[in-house]
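Enquirer: Below is the structure, and that's it, no one-letter string:
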């Protein structure tokens, strides 16, 4: 089944000792959850930007990125 809809990327930064997680989705379907341990803010930002570039379809608007930095 193909994933359809605008690309959204959810990010849990996990800077309080937890691992960070990146969850790209289209529509109601999460493609995968990527977990990162012991990452820096710059490395996490690069991972999100790289993933957005990899998953973005040609002529698609920019992905919508939402992040949770407070654990809420």
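Expert: Noted; the coordinates are in hand. Since the model is a prediction, treat every value here as computed from it, not as a measurement. Numbers count the residues shown, from 1 in each chain.
Enquirer: Could you tell me how many residues sit around residue 69?
Expert: A count of neighbours around residue 69, defined by other Cβ atoms under 10 Å, yields 12. All C-beta spots, glycine's among them, are computed from the backbone N, C-alpha and C.
Enquirer: Do you know the pLDDT at it?
Expert: On the pLDDT scale, residue 69 is placed at 71.
Enquirer: Quick check: closest non-adjacent residue to it.
Expert: residue 13 (4.9 Å; Cβ to Cβ, 6 or more residues apart in numbering).
Enquirer: I'd guessed the one you found sits against residue 43; true?
Expert: No - in this structure, residue 13 is not within contact of residue 43 by Cβ atoms under 8 Å, at 11.2 Å.
Enquirer: When these two are compared, which one has more neighbours?
Expert: residue 13 (20 against 12).
Enquirer: roughly how far apart are that one and residue 21?
Expert: Here residue 13 is placed at a distance of 9 Å from residue 21 (Cβ to Cβ, to the nearest Å).
Enquirer: One more: residue 49?
Expert: Taken as Cβ to Cβ, the span from residue 49 to residue 21 is 16 Å.
Enquirer: same deal with residue 43?
Expert: 14 Å.
Enquirer: Residues that sit against both of those two, list them.
Expert: residue 36 (Cβ atoms under 8 Å, 6 or more residues apart in numbering).
Enquirer: right, and the helix or strand after the helix or strand of the chain at the bottom of the mean pLDDT ranking?
Expert: None of the helices or strands of the chain scores lower by mean pLDDT, DSSP states H and E than strand 29-30, at a mean of 90. Sequence order places strand 34-36 as the next helix or strand after strand 29-30, per DSSP states H and E.
Enquirer: Tell me the strands beside the strand or helix carrying residue 21, with direction?
Expert: Here residue 21, judged by DSSP H and E, is contained in strand 20-26. If you go by DSSP bridges, strand 20-26 pairs up with strand 7-12 (antiparallel), strand 29-30 (antiparallel), strand 34-36 (antiparallel).
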